[in-house]
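Chemist: Okay, sequence plus prediction incoming.
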Amino acid sequence: MNETAAKRTLYVLGGVFLVVFTLAPFAWMLLVSITSRPDFLISGEIKYTLDNYINVLTDSSLHFTDYFFNSLIISLITSVAVTLFACCAGYAVSRLAFPGRILVPVGVLALSMFPPISIVGYLYRIFAETGLLNTHAALVLPYTALTVPLALWITMSYFSQIPVELDKAALIDGAGRLTILVKIVFPLALPGIFSSFLLVFIACFNEFLLAVMLTIDYRAQTLPVGIALFQGIHGEIPWGNLMAASALTAVPLVALTIIFQKYIVQGLVGGAVKG
């Protein structure tokens, strides 16, 4: 076997291993979710059914729909707020000359390096004293602070690739900075803005630590916390319901990634390419 064939074989084997390693847990999750018994490998009896999905969606004690809408509302509010803030901040840092502007993204990045576990105790005390504990605001506020660095760096790098001459021409024509941002920069940087929105949404939708510490019941708890509490509700691990709920949770995230993957890739790599 020559060197070219050996490299091709290694690439194929590596790709197959990566695909299997990545997709095997999801395949097992789907298989368990549509079987009546999670121990079918031991019992040798396998019966396919949709009862687990029906139970998750209809059993009021599980509160799956409440968890889902909590996650959706919190993620959407946070994504919109972070995207708007990051766009304004990214435009200011990349287009306006003011003292210390380089320190803004560096400082935001430095603050983002603190692990959330180090501040969750203080957040709990603050929200408990202000009456915000177990509310959507208790998650929206820290989620906004934690995801702003990601959105800011994506939008800032994308804005920096847009020619400044467009701003100067618009200023000469009498346009203000806000008009330039909305009517000129936004349309040109839409892939980067959209990708930052999606990444922030996915990060908030999947977050667990703050959600489990700052919420108490189904009125504010999100899907990751709700699924983790399935065990406590039943007194045992209901693997079928657990896997069905996990599969339903993954559906919107997988759909968003597949449908808008082109924009996500453009937004992530667009700022790195000069042109």
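Modeler: Looks like it came in fine.

Chemist: Find the least confident helix or strand in the protein, judged by mean pLDDT.
Modeler: Ranking every helix and strand in the chain by mean pLDDT, DSSP states H and E puts helix 230-234 at the bottom, with a mean of 61.

Chemist: Tell me the helices and strands packed up against the helix or strand just after that one.
Modeler: Once the chain leaves helix 230-234, the next helix or strand it forms, by DSSP states H and E, is helix 239-259. Under the contact criterion of 3 or more C-beta pairs under 8 Å, 6 or more residues apart in numbering; DSSP states H and E, helix 239-259 touches helix 3-33, helix 51-58, helix 64-95, helix 190-206, helix 223-228, helix 230-234. Bear in mind the C-beta positions are built from the backbone N, C-alpha and C, glycine included.

Chemist: and S118, which of the ones you listed is closest to it?
Modeler: Nearest to S118 among the helices and strands packed on helix 239-259 is helix 190-206 (18.3 Å), distances taken as C-beta to C-beta.

Chemist: got the CA coordinates for the next helix or strand after the closest one in CSV?
Modeler: For helix 190-206, the following helix or strand on the C-terminal side (DSSP H and E) is helix 209-214. Extracted in CSV, the C-alpha atoms of helix 209-214 (Å, rounded to 0.1, in the frame of the first residue of the first chain):
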residue,chain,number,x,y,z
LEU,A,209,-26.0,24.9,36.2
LEU,A,210,-27.6,28.3,36.7
ALA,A,211,-31.0,26.9,35.8
VAL,A,212,-30.9,24.2,38.5
MET,A,213,-29.5,26.7,41.1
LEU,A,214,-31.8,29.7,40.5
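
Chemist: how far out from the middle of the chain is helix 209-214?
Modeler: 16 Å (C-alpha atoms, centre = their mean, to the nearest Å).

Chemist: name the helices or strands packed onto it?
Modeler: Counting by 3+ C-beta pairs under 8 Å, 6+ apart, helix 209-214 packs on helix 120-130, helix 137-159, helix 223-228.

Chemist: Turn those helices into a markdown table, including mean pLDDT, mean neighbour count and distance to W239.
Modeler: Shown next, in a markdown table, are these (pLDDT from 0 to 100; neighbours: other C-beta atoms under 10 Å; distance: least, C-beta to C-beta, whole Å):
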| stretch | mean pLDDT | mean neighbour count | distance to W239 |
| --- | --- | --- | --- |
| helix 120-130 | 92 | 14 | 29 |
| helix 137-159 | 90 | 22 | 28 |
| helix 223-228 | 90 | 22 | 12 |
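
Chemist: Between those, which one is closest to P238.
Modeler: Comparing the helices and strands packed on helix 209-214 under C-beta to C-beta, the one sitting nearest is helix 223-228, at 10.6 Å.

Chemist: Can I get the closest one in CSV? Just the C-alpha atoms.
Modeler: Coordinates of each C-alpha in helix 223-228 appear next as CSV, following Å, rounded to 0.1, in the frame of the first residue of the first chain:
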residue,chain,number,x,y,z
LEU,A,223,-35.8,21.5,30.0
PRO,A,224,-32.4,20.3,31.1
VAL,A,225,-33.4,20.7,34.8
GLY,A,226,-36.9,19.3,34.2
ILE,A,227,-35.5,16.2,32.5
ALA,A,228,-32.9,15.7,35.3
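
Chemist: helices and strands around it, which ones?
Modeler: Against helix 223-228 (3+ C-beta pairs under 8 Å, 6+ apart) you get helix 64-95, helix 209-214, helix 239-259.

Chemist: Please identify which of those is closest to D39.
Modeler: Per C-beta to C-beta, nearest to D39 of the helices and strands packed on helix 223-228: helix 239-259, 8.6 Å.

Chemist: Need the residues that contact that closest one.
Modeler: 26, 29-30, 32-33, 35-36, 38, 51-53, 55-57, 59, 62, 64, 68, 198, 201-202, 205-206, 223-224, 226-227, 230-231, 234, 264 (C-beta atoms under 8 Å, 6 or more residues apart in numbering).

Chemist: what about 7 Å?
Modeler: Outside helix 239-259, the residues that touch it by C-beta atoms under 7 Å, 6 or more residues apart in numbering are 29-30, 32-33, 35, 38, 52-53, 55-56, 64, 198, 202, 205, 223, 227, 230.
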